[in-house]
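Participant: A structural model of the following input is requested.
(one chain, ligands or ions: 3)
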Amino acid sequence: MSVKDELIKNKLPQHVAIIMDGNGRWAKKKGNSRMFGHKHGVKAVKRVIEAGAELELGYITVYAFSTENWNRPKLEVDALMALLVSTISAETETLVKNNVRLKVIGGVDNMPKKVQKKLQECIENTDHCTGLTLNLALNYSSRWEITEAVKSIAQSVKSNDLNVDEIDANLFSSRLTTGGIPDPELMIRTSGELRLSNFLMWQLAYAELYFCDVLWPDFTKENFYEALFDYQSRERRFGKTSEQL
Ligand code: IPE
Ligand code: IPE
Ligand code: MG
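Facilitator: Ligands and ions are numbered 1, 2, ... in the order given. This is a model prediction of the structure:
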């Protein structure tokens with residue numbers, strides 16, 4: 001019996017955001033290198049995408065590399081970039097088979113050229129897919145994104161393309177890297193850490209937050225269903241009272 005069978009089909013979130021955390025600790029526990037953990041982390045991503053596609057979710061955004069992650073040892077950063085390139089190459093076909101479209105948010109222009117090229121290829125090759133959108137957050141952070149949005153709005157005002165009175169929450173959302181994508185209703189973070197680490201701070205304003213102790217490489221489809229099940233038990237009030245709902 002799987003928790004999947006308990007899920008209410010028409011109450012699933014459209015968009016799930018995930019902070020995949022704990023690869024390093026998982027590897028250390030096994031007496032292995034951090035990269036061993038990252039490699040097994042990729043398998044967990046594959047499981048979650050498959051589960052998301054089966055459940056017909058709209059979007060899954062995964063935090064794959066933050067602007068702060070450049071501060072890790074060069075060896076790890078380089079190996080992560082290489083893993084990204086090999087994973088995208090190896091998985092594009094499976095994405096297409098599962099009708100999954102790839103999208104990227106973050107400062108991709110500042111990623112290594114080889115990574116940019118692979119990402120672009122995969123985005124083009126999956127562009128026709130109409131099922132789940134896998135949104136990869138790479139060289140991403142909320143403060144970076146919000147600062148960029150402010151700059152873009154200021155530029156529009158300066159060039160008289162926008163009136164200050166026209167700036168509202170919707171306009172602001174449209175200038176973020178997630179413009180056009182609905183806000184996540186659910187955010188999952190693994191490995192027991194209880195923080196956002198600069199992830200989707202604007203978009204998660206009203207998301208349900210789900211934290212679990214499982215280290216990311218151990219995260220199974222069943223763990224994902226459990227998070228969705230928990231989400232379905234929450235009362236989303238958006239400022240109202242229970243009685244009003
Ligand atoms: C998450 O796992 C993956 C990335 C940030 C790339 P970590 O590498 O942060 O694993 P821990 O937190 O050190 O265990
Ligand atoms: C957040 O995880 C970034 C990603 C999952 C890519 P970290 O492990 O880097 O976060 P902190 O530094 O512990 O907050
Ligand atoms: Mg971590």
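
Participant: C-alpha only now, for contacts and for neighbours.
Facilitator: OK.

Participant: Return the longest helix along the chain as PDB; C-alpha atoms alone will do.
Facilitator: Of all segments of type helix in the chain, defined using DSSP state H, the longest is helix 74-97. What follows is helix 74-97 as a C-alpha-only set of coordinates in PDB (Å, rounded to 0.1, in the frame of the first residue of the first chain):
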ATOM      1  CA  LYS A  74      36.900  24.500  -6.300                       C
ATOM      2  CA  LEU A  75      37.200  20.800  -6.700                       C
ATOM      3  CA  GLU A  76      33.600  20.200  -5.700                       C
ATOM      4  CA  VAL A  77      32.300  23.100  -7.800                       C
ATOM      5  CA  ASP A  78      34.100  21.800 -10.900                       C
ATOM      6  CA  ALA A  79      32.800  18.300 -10.300                       C
ATOM      7  CA  LEU A  80      29.300  19.500  -9.800                       C
ATOM      8  CA  MET A  81      29.500  21.400 -13.100                       C
ATOM      9  CA  ALA A  82      30.800  18.300 -14.800                       C
ATOM     10  CA  LEU A  83      28.000  16.200 -13.200                       C
ATOM     11  CA  LEU A  84      25.400  18.700 -14.500                       C
ATOM     12  CA  VAL A  85      26.800  18.400 -18.100                       C
ATOM     13  CA  SER A  86      26.900  14.600 -18.100                       C
ATOM     14  CA  THR A  87      23.400  14.300 -16.400                       C
ATOM     15  CA  ILE A  88      21.700  16.600 -18.900                       C
ATOM     16  CA  SER A  89      23.300  14.700 -21.800                       C
ATOM     17  CA  ALA A  90      22.300  11.400 -20.400                       C
ATOM     18  CA  GLU A  91      18.800  12.300 -19.400                       C
ATOM     19  CA  THR A  92      17.400  14.500 -22.200                       C
ATOM     20  CA  GLU A  93      15.900  11.400 -24.000                       C
ATOM     21  CA  THR A  94      14.100  10.300 -20.800                       C
ATOM     22  CA  LEU A  95      12.800  13.800 -20.300                       C
ATOM     23  CA  VAL A  96      11.300  13.700 -23.800                       C
ATOM     24  CA  LYS A  97       9.900  10.200 -23.200                       C
END
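
Participant: count of neighbours near the closest residue to residue 67 other than its chain neighbours?
Facilitator: Leaving out its chain neighbours, the residue that sits closest to residue 67 by C-alpha to C-alpha, 6 or more residues apart in numbering is residue 139, at 4.7 Å. Per other C-alpha atoms under 10 Å, the neighbour tally for residue 139 reads 22.

Participant: Show me what the helix or strand residue 139 falls within is packed against.
Facilitator: Element membership for residue 139 (DSSP states H and E) is strand 133-140. Judged by 3 or more C-alpha pairs under 8 Å, 6 or more residues apart in numbering; DSSP states H and E, the packing partners of strand 133-140 are strand 59-66, strand 101-105.

Participant: can you give me the angle the first one makes with strand 101-105?
Facilitator: Compare the direction of strand 59-66 with that of strand 101-105 by axes from the mean of the first three to the mean of the last three C-alpha atoms, to 10 degrees and you get 40 degrees.
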